[in-house]
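Chemist: Fold the following.
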Amino acid sequence: DTAWSTFQGRSSQPDYSASPQYAVIPLSENQDFSVLSGGSGGDGSSDGSADGSSDGSSDGSSDGSADGSSDGSADGSSDGSADGSSDGDGDGDPEGDSVYLNSLTPGYWYQPAGTMMADVAPDITPVGTNNETAVVSAWGGAALDTDKNRMIVWGGGHRDYGGNEIYTFDLDNLEWTLLTDPTPNDQIVVTEESETYQDGNPVSRHTYDGLAYIPSDGCLFSQGGSRYSSGYSTKATWKYCFGDQQWEQLADAPDAKFGVSTAYDPVSEKVIVRTKYYISEYDPVANSYRTLYHHQAGFWWDQSTAAIAPDRRQMIIIGGPQSQYGAEFGVFDLETYNYWTPTFTGDTEIMDAIAPGVAYDSTNDRVVAWSGGSDVYILDLNTWDWERVAISGDEAPGNAQSTGTFGRFQYSEKYDVFVLINSANQDVYFLKLD
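Modeler: Residues are numbered from 1 along each chain as shown. This is a model prediction of the structure:
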């Protein structure tokens, strides 16, 4: 049987009677001897007040208790003494590979303790009805930096949180970094149409599935969203380049959409963007959009997530339901520019999930999706058949955020693992599949 497990580092021989089931992970010399032991964790859910709405007329906010965490005693982490991390710089590997991630056994979820995003939050809390937890819980997305093998998280927005700081999580050393400081509160002055704060940096926003990483530029790409504090959507496109360490506003998208879906296409080296009426490609060299597909009736869904299978030239978009429109499940052909809906079979309930995590597994040429609990769903791209893969054990990530997961579930080809950021107040999850 497989099991959900929390990695707990110990400085001495573990008590083998403490748990009925565990597995030993091989570690390098001079590291702590560690075991995988069953346990209980936080449920990762937002409360009922995070209602999934996002339009300008509704408040669309998640209240202070909807931060993705359980109560203070059950925050999804292991105990304070179990740091569970390998330090990347001191593991004896000149390439800085994570001994921890290289040691994972297929069929298990892992949650190294000491990896909560909230631990590196700004000293001064920016304005808003929530704190930094809303960067994740308030319709927040993420992107995977495939050059430096790190997750990039940026969000906030609407009434939830005015902070526009960027967070990164390094998969090699299992460490969070507060990459940029938020705009000072006295410079967070906005009107309904404000795109920037007084310091010239972009206002925070619900980022949905609007984030992508552009390797050719070494930049984070952001399109659309629900802006602080009006909640209005925007056609504006931004990028943050890690070399220059500054934001730059780019060309506008063809139209505005709250729940935009984006994915980077490594073949064309462009970002594919699905807004309300259009599927377009953004060219980072020309700084321009080109329309590929016009949907006359409109893509009305705000709760969808996209992934690209580059060799197949397909962009898969799934998620919902959104009011009377039901769920979205479509495939966009990146060569013929046709948008179509295959006949999906198998365990299709994942397609009704609110903005599930959707990632392309480039090693095995498959799409894997997650939307809470212990199970994941694997999509066969030849047959369009979904398979629900059950993973047993006492400690699962629990509920997904009620507002969606979006891009906070990604696949790292370097380690052949999936990474999940479910809450700012939970440690990061990893999953290795067969």
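Chemist: where in the stretch 51-200 of the chain is pLDDT low?
Modeler: By pLDDT under 70, the low-scoring segments of the stretch 51-200 of the chain are 51-96.
Chemist: what about the helices in it?
Modeler: 99-102, 134-137 (DSSP state H, counting those that start in this stretch).
Chemist: Of the ones you listed, which stretch is the most buried?
Modeler: Sort the helices of the stretch 51-200 of the chain by mean neighbour count, taking mean count of other CB atoms under 10 Å, and helix 134-137 sits at the top with a mean of 32. Where C-beta positions appear, they are placed from N, C-alpha and C, glycine not excepted.
Chemist: coming back round to it: please name whichever of the helices of the stretch 51-200 of the chain is nearest to Val120.
Modeler: helix 134-137 (11.5 Å; CB to CB).
Chemist: So which other helices or strands are in contact with the closest one?
Modeler: Applying 3 or more CB pairs under 8 Å, 6 or more residues apart in numbering; DSSP states H and E, one finds that helix 134-137 contacts strand 150-154.
Chemist: Contacts for the strand it packs on next, please.
Modeler: Under the criterion CB atoms under 8 Å, 6 or more residues apart in numbering, residues 117, 135-136, 140-145, 164-172, 207, 211, 213, 220, 222, 240, 408, 410, 419, 421 lie in contact with strand 150-154.
Chemist: Next step: those restricted to strands.
Modeler: 141-145, 167-170, 211, 213, 220, 222, 240, 410, 419 (DSSP state E).
Chemist: mind checking how far stretch 364-378 is from the chain centre?
Modeler: Relative to its chain's centre, stretch 364-378 lies at 14 Å (CA atoms, centre = their mean, to the nearest Å).
Chemist: Ends of that stretch, what's the gap?
Modeler: In stretch 364-378, first residue to last residue: 11 Å (CA to CA, to the nearest Å).
Chemist: same question, stretch 337-351
Modeler: OK, stretch 337-351 end separation, CA to CA: 22 Å.
Chemist: And that stretch, what's buried?
Modeler: Across stretch 337-351, burial judged by 16 or more other CB atoms under 10 Å covers Tyr339, Phe344, Gly346, Asp347, Thr348, Ile350, Met351.
Chemist: Touching, Thr129 and Asp160? I think so.
Modeler: Yes. Assessed by CB atoms under 8 Å, Thr129 is found in contact with Asp160 at 5.9 Å.
Chemist: more crowded one of those two?
Modeler: Applying other CB atoms under 10 Å to Thr129 and Asp160 shows that Asp160 carries more neighbours, namely 35 against 17.
Chemist: Now do the same contact list for the more buried one.
Modeler: Ser61, Ser62, Gly128, Thr129, Asn130, Ala134, Ser137, Ala138, His206, Tyr228.
Chemist: do Gln296 as well
Modeler: Tyr277 are the contacts of Gln296 under CB under 8 Å, 6+ apart.
Chemist: Quick check: the gap between the closest residue to Thr403 other than its chain neighbours and Asn131.
Modeler: Nearest non-adjacent residue to Thr403, counting by CB to CB, 6 or more residues apart in numbering: Trp139, 4.8 Å away. Going from Trp139 to Asn131 by CB to CB, to the nearest Å gives 16 Å.
Chemist: okay, these two: which has more neighbours?
Modeler: Set Trp139 next to Asn131 and count neighbours by other CB under 10 Å: Trp139 wins out with 35 against 18.
Chemist: hang on, isn't the more buried one packed against Gly224?
Modeler: No. The criterion here is CB under 8 Å, and Trp139 misses it with Gly224 at 11.1 Å.
Chemist: Between those two, which contacts overlap?
Modeler: Tyr208.
Chemist: so is Glu349 in a helix, a strand, or just coil?
Modeler: helix (DSSP: H, G, I helix; E, B strand; the rest coil).
Chemist: whoops, I mixed them up, Glu248
Modeler: Applying three-state DSSP: Glu248 is strand.
Chemist: which residues does the closest residue to it other than its chain neighbours contact?
Modeler: In this structure, Glu248 finds its nearest non-sequential neighbour in Lys239, 5.6 Å apart by CB to CB, 6+ apart. When contacts are counted by CB under 8 Å, 6+ apart, Lys239 touches Ile214, Asp217, Cys219, Leu220, Phe221, Ser222, Trp247, Glu248, Leu250, Pro284.
Chemist: Any quick ChimeraX command for the buried ones out of the contacts of Asp160?
Modeler: The buried residues among the contacts of Asp160 can be selected in ChimeraX (16+ other CB under 10 Å) with this line:
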select :61,62,128,129,130,134,137,138,206,228
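Chemist: which among the contacts of Asp160 gets closest to Pro356?
Modeler: Nearest to Pro356 out of those is Ser137 (CB to CB; 15.9 Å).
Chemist: roughly how far apart are the closest one and Ile188?
Modeler: Using CB to CB, Ser137 is found at 20 Å from Ile188.
Chemist: So what does the closest residue to Trp301 other than its chain neighbours have for phi and psi?
Modeler: Excluding the flanking residues, the one nearest Trp301 by CB to CB, 6+ apart is Glu328, at 4.1 Å. Dihedral pair for Glu328: phi -100, psi 130, per degrees, to the nearest 10.
Chemist: Was I right to think Glu328 contacts Ile317?
Modeler: Yes. Contact status for Glu328 versus Ile317: in contact at 6.0 Å, counting by CB under 8 Å.
Chemist: so what's in contact with those two at the same time?
Modeler: Here Glu328 and Ile317 have Ser304 as joint contacts, going by CB under 8 Å, 6+ apart.
Chemist: Tell me the confidence at the nearest residue to Asp352 once chain neighbours are set aside?
Modeler: Computed as CB to CB, 6+ apart, the closest residue to Asp352 that is not its neighbour in sequence is Ala327, at 4.8 Å. Looking at Ala327, its pLDDT is 74.
Chemist: count of neighbours near Ala327?
Modeler: Taking other CB under 10 Å as the criterion, the count of residues near Ala327 is 19.
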